[in-house]
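could you work out the structure for the sequence below:
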Amino acid sequence: MRKGIQKLRRRVLIVSGVVPALTRGGGCLALHRHFCERQDFAVAVASYTTAGTSCADVLQIPRTDWWLRVKRTRLCRLAENLDYLAAASRLPRALVRYAKDWKPDLIFSVADDIHAPIAHRLARTLRIPFAVNFQDLFACSSFVPRPCRPLPGVKSLLTSRYRKLQAQADAVFHTSDGMKEWFGMAARGDVLYPIGAATEIEPEPRPSPKGTLTLAYAGNCYGAYGAQVLSLARELDGAAKVTLQVFTMGNDWPAKDVQHYTRTGVYRGYLPFSALRDELEKADAFITTMSFAREDRVFVETSFTTKWLDYAPLGKPIVVWGPEYSSAARFARAKPTGLVVEDFKPASVIAAIERLRADHVEWTRLSLGAMDVAKNELNAERLHNLLKTRLLELVSVGMPPRRSPNRYLAV
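From the prediction side, this is the model:
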């Protein structure tokens, strides 16, 4: 019986640097929840970076020896940028052989700067549909490691490629309204927020605490985000009314701060989701951050903070600490489901939380707002059904018209 069901499932080959995984960040976790936790598709992964993937069928696309040697030298950034440019015309033989043997019904890719053009080219070569998911504009991100960041001239080529990729794909998913707007008001495709865990929503909100308020942060602690969280931890050092707990896969904080905040119980490091959920249930409120840095504006306008998906079902206030143009601030105001703090100073965050604690009506309103978006806009089954429906529609339409594999790549 199971073999019969397996044959009936449509086959999705994910060609991407973002692959289904539990411990590689929010984007990978979202793919895990769509493609591994749920069994609606038979799934395989082909990538240059397969480490940690939770998918069983995997192709590690081989690298040439010379490229691996150059990546270990001071020319690594140049090599990475040449890789971005070469991806426009590359189609690894090992990938083609694997795909022909595995026989996918469609190709799926997260829009990164190496795999996505290869994935599109593969789909056109095999004459099967191609779906792309714009989780982030990686070329605009300061969170990409410095040796992997595009050079100024290359960055403009890559952003142009995003637009052409978006226009040429057979199905398009945007991680936020801001991402879709970046492509223009008439942009095609669906807004597909990152998917949270399939979990029960709290039946009713809890009142604000009378004693110490525990504020939990679960997310990125690198770059501007890490600096903001660290500044808040320092501002709260020794405070009696508000305590902070930070759950993250890693950080770039100074070693002395990591040691200090680990010792004081502020820095809690990485926890598997089941354990993290238990800790979040103990918290009174949550905080999510978005960078105020000018160079990060496009990135925070288009990205979406994935931990919001795990915060909302718990029915507690969510503090959004970020500029008014960020996707998180816009989302919080539109629903409404979060307390927005637009001031960069950590003291402003603490003052806003203290005011919120004293305002029981607003505390309850924001708690109910979080529960509402967990039931609706951020509902895990709704988000998965959107993805599932669009992919099945693609397969049912059949083979797309033959197009030039390089048409969208001309930059």
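
just the pLDDT for the residue most central in space within the chain.
By CA atoms, centre = their mean, the chain has its centre lying nearest to Gly27, at 3.4 Å. Here the pLDDT value assigned to Gly27 is 89.

spit out the contact partners of it.
Each residue near Gly27 by CB atoms under 8 Å, 6 or more residues apart in numbering is listed here: Val18, Val110, Gln135, Asp136, Pro194, Thr306. C-betas here are computed from N, CA, C, even on glycine.

which of those lies closest to Tyr225?
Ranked by distance to Tyr225 (CB to CB), those are led by Thr306 at 12.2 Å.

show me the contacts for that closest one.
Here Thr306 is in contact with Gly26, Gly27, Leu29, Ala30, Pro194, Gly219 (criterion: CB under 8 Å, 6+ apart).

Asp112 versus the residue nearest to the centre of the chain, what's the distance?
Shown here: Gly27 relative to Asp112, a distance of 10 Å by CB to CB, to the nearest Å.

tell me, what's touching the two both at once?
Joint contacts of Gly27 and Asp112 (CB under 8 Å, 6+ apart) are Val18.

list just the nearest of the contacts of Gly27 to Arg382.
Pro194 (12.9 Å).

can you name the next helix or strand after the helix-or-strand element of the chain with minimal mean pLDDT?
The weakest-scoring helix or strand in the chain, judged by mean pLDDT, DSSP states H and E, is helix 2-8 (a mean of 50). Of the helices and strands lying after helix 2-8 in sequence (DSSP states H and E), the nearest is strand 10-15.

can you list contacts of that following strand?
Here strand 10-15 makes contact (CB under 8 Å, 6+ apart) with 20, 31, 35, 41-47, 55, 95, 99, 102-109, 115, 118-119, 122, 391-392, 395.

just the residues you listed: which are in strands?
Using DSSP state E, the members of the contacts of strand 10-15 that fall in strands are Phe41, Ala42, Val43, Ala44, Val45, Ala46, Ser47, Leu106, Ile107, Phe108, Ser109.

now render these as CSV, adding pLDDT.
Below are the ones in strands among the contacts of strand 10-15 laid out as CSV (pLDDT from 0 to 100):
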residue, pLDDT
Phe41, 96
Ala42, 96
Val43, 97
Ala44, 97
Val45, 97
Ala46, 97
Ser47, 96
Leu106, 96
Ile107, 97
Phe108, 98
Ser109, 97
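
now render these as JSON lines, adding neighbour count and distance to Arg263.
Shown next, in JSON lines, are the ones in strands among the contacts of strand 10-15 (neighbours: other CB atoms under 10 Å; distance: CB to CB, whole Å):
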{"residue": "Phe41", "neighbour count": "23", "distance to Arg263": "46"}
{"residue": "Ala42", "neighbour count": "20", "distance to Arg263": "48"}
{"residue": "Val43", "neighbour count": "23", "distance to Arg263": "43"}
{"residue": "Ala44", "neighbour count": "21", "distance to Arg263": "45"}
{"residue": "Val45", "neighbour count": "26", "distance to Arg263": "40"}
{"residue": "Ala46", "neighbour count": "29", "distance to Arg263": "44"}
{"residue": "Ser47", "neighbour count": "25", "distance to Arg263": "39"}
{"residue": "Leu106", "neighbour count": "22", "distance to Arg263": "50"}
{"residue": "Ile107", "neighbour count": "28", "distance to Arg263": "49"}
{"residue": "Phe108", "neighbour count": "28", "distance to Arg263": "44"}
{"residue": "Ser109", "neighbour count": "27", "distance to Arg263": "43"}
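
any chance of TSV for the residues you listed, columns distance to Thr199?
Listed next are the ones in strands among the contacts of strand 10-15 as TSV, based on distance: CB to CB, whole Å:
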residue	distance to Thr199
Phe41	22
Ala42	26
Val43	23
Ala44	28
Val45	26
Ala46	31
Ser47	29
Leu106	29
Ile107	31
Phe108	25
Ser109	28
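
quick one: which of the residues you listed is nearest Ala167?
Distance to Ala167 across the ones in strands among the contacts of strand 10-15 (CB to CB) is lowest for Ser109, with 15.1 Å.

what's the burial count for the residue lying closest to the closest one once chain neighbours are set aside?
Excluding the flanking residues, the one nearest Ser109 by CB to CB, 6 or more residues apart in numbering is Ala119, at 3.7 Å. Neighbour count of Ala119, defined by other CB atoms under 10 Å: 30.

which residues are in contact with Ala119?
Going by CB under 8 Å, 6+ apart, Ala119 touches Val15, Ser16, Ile107, Phe108, Ser109, Phe130, Val132.
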